[in-house]
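Enquirer: got a predicted structure here, sequence first:
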Amino acid sequence: MPSYVHQNNRDEFTHQNFLNAYLVFKGHKPVSLEPFRILPSSQATGANKTAKRLTNLMNLTVDTSWYTRYRSTGNPDFGDTFSQIVNLVDLPAIPYSDLPLPTDPDGFKVQLIANTAGFHFATIEQGGLSLYDSLLPKASNPEVIKIVAGIGGSEIQHFEVWQDKAGNAPPVMDNSGNVLFPQLPMAPDQTPNGTDPADPMDTNQIMPRPCKFIDADLPHCAVVRPTSIAQAGAVATFTGFAQSGLFAGQSEGFFDFIFALAKEADEARREFD
Ligand SMILES: [Fe+2]
């Protein structure tokens, strides 16, 4: 995971920097969230302890339903719903202070954090790729289409790797034998004599299982889902992020600012439509 964490982090900074530079390039005002950088940093070794953060990674409730959604023939845009593969409620995704190594008797604590982080990454990225796909049909200018498709495409790459990594999350038990994180379901093809390399419950899933798309009477298609504004637009995406606790502790002004931006994005209309 470490190299992917660094690459993903690098990519997101380039997206933010590019989009703001492009706004300025086109004579518009850039967007800054710096006034909202107020949340405390982790105090673990290696963290920039005095830095202030935009996000709160200490009390996440991670929506893990993408795991079942991308292994299903259903599509949220058709009203289909998907169960959680694992319940991750009010958990940290980073250590707040130094914790025992995984080899220590109390090592389950840091393993649970790693598992939570692994699922949280994928949850964020699947939201991101659905978001870009939902906004793509709104763009009129070929250069804007290129930007939305280009950055959205890299979000797909992010989700792919985290989806694969999340499948490797090991079961976690505390020292009394209580299951904190279950063994993920194993597909028959993950046994040595398995025969179906595309079993939907394969933990090594990267590609999307073909699902309903555009019209239920059409053949199933391997696609990103959801892509509707109602399910995947900017307001829907930010609502999901907020409900996960990612911005717990942020000011009312922060939520007002982001929701106003998100609403504006969702209301954009393609010229000629
Ligand atoms: Fe991303």
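Expert: Yep, that arrived. Numbers count the residues shown, from 1 in each chain.

Enquirer: near the ion, which residues of this protein show up?
Expert: Applying C-beta under 5 Å from the ion, we find that the chain lies next to the ion at 125, 128, 155, 158. Backbone N, C-alpha and C define where each C-beta goes, glycine included.

Enquirer: how about the helix or strand containing the last one: buried residues?
Expert: Same thing as residue 158. Using DSSP states H and E, residue 158 falls within helix 142-166. For helix 142-166, the neighbour count (16 or more other C-beta atoms under 10 Å) marks 144, 147-148, 151-152, 154-156, 158-166 as buried.

Enquirer: test for you: state the pLDDT assigned to the residue in the chain positioned nearest to the ion.
Expert: Per C-beta to the ion, residue 158 is where the chain lies closest to the ion, at 3.7 Å. Looking at residue 158, its pLDDT reads 97.

Enquirer: thought residue 11 was touching it, still the case?
Expert: Yes: with contacts counted by C-beta atoms under 8 Å, residue 158 reaches residue 11, the gap being 6.9 Å.

Enquirer: now do the helices in the stretch 151-273 of the chain.
Expert: For the stretch 151-273 of the chain, helices defined by DSSP state H, counting those that start in this stretch occupy the ranges 229-232, 234-243, 252-267.

Enquirer: average pLDDT for the last one?
Expert: Here helix 252-267 scores 97 as its mean pLDDT.

Enquirer: that one packs against which elements?
Expert: Counting contacts by 3 or more C-beta pairs under 8 Å, 6 or more residues apart in numbering; DSSP states H and E, helix 252-267 packs against helix 234-243.

Enquirer: which residues are contacting the helix it packs on?
Expert: Around helix 234-243, the neighbours that count as contacts under C-beta atoms under 8 Å, 6 or more residues apart in numbering are 61, 63, 124, 127-128, 130-131, 134-135, 229-230, 247, 255, 258-259, 261-263, 265-266.

Enquirer: just the buried subset of these, please.
Expert: For the contacts of helix 234-243, a burial check counting by 16+ other C-beta under 10 Å picks out 61, 63, 124, 127-128, 130-131, 134-135, 229, 247, 258, 262, 265-266.

Enquirer: which two among these are spaced furthest apart?
Expert: Greatest spacing in the buried ones among the contacts of helix 234-243, by C-beta to C-beta: 61 and 135 (26.0 Å).

Enquirer: ok so, going back, switch the helices of the stretch 151-273 of the chain over to CSV; also include distance to residue 218.
Expert: Formatted as CSV, these follow (distance: least, C-beta to C-beta, whole Å):
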stretch, distance to residue 218
helix 229-232, 19
helix 234-243, 24
helix 252-267, 26
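
Enquirer: spatially central residue in the chain, please.
Expert: residue 124 (1.5 Å; C-alpha atoms, centre = their mean).

Enquirer: in terms of helices and strands, where is that one?
Expert: helix 108-135.

Enquirer: residue 48 now?
Expert: Using DSSP H and E, residue 48 falls within no helix or strand.
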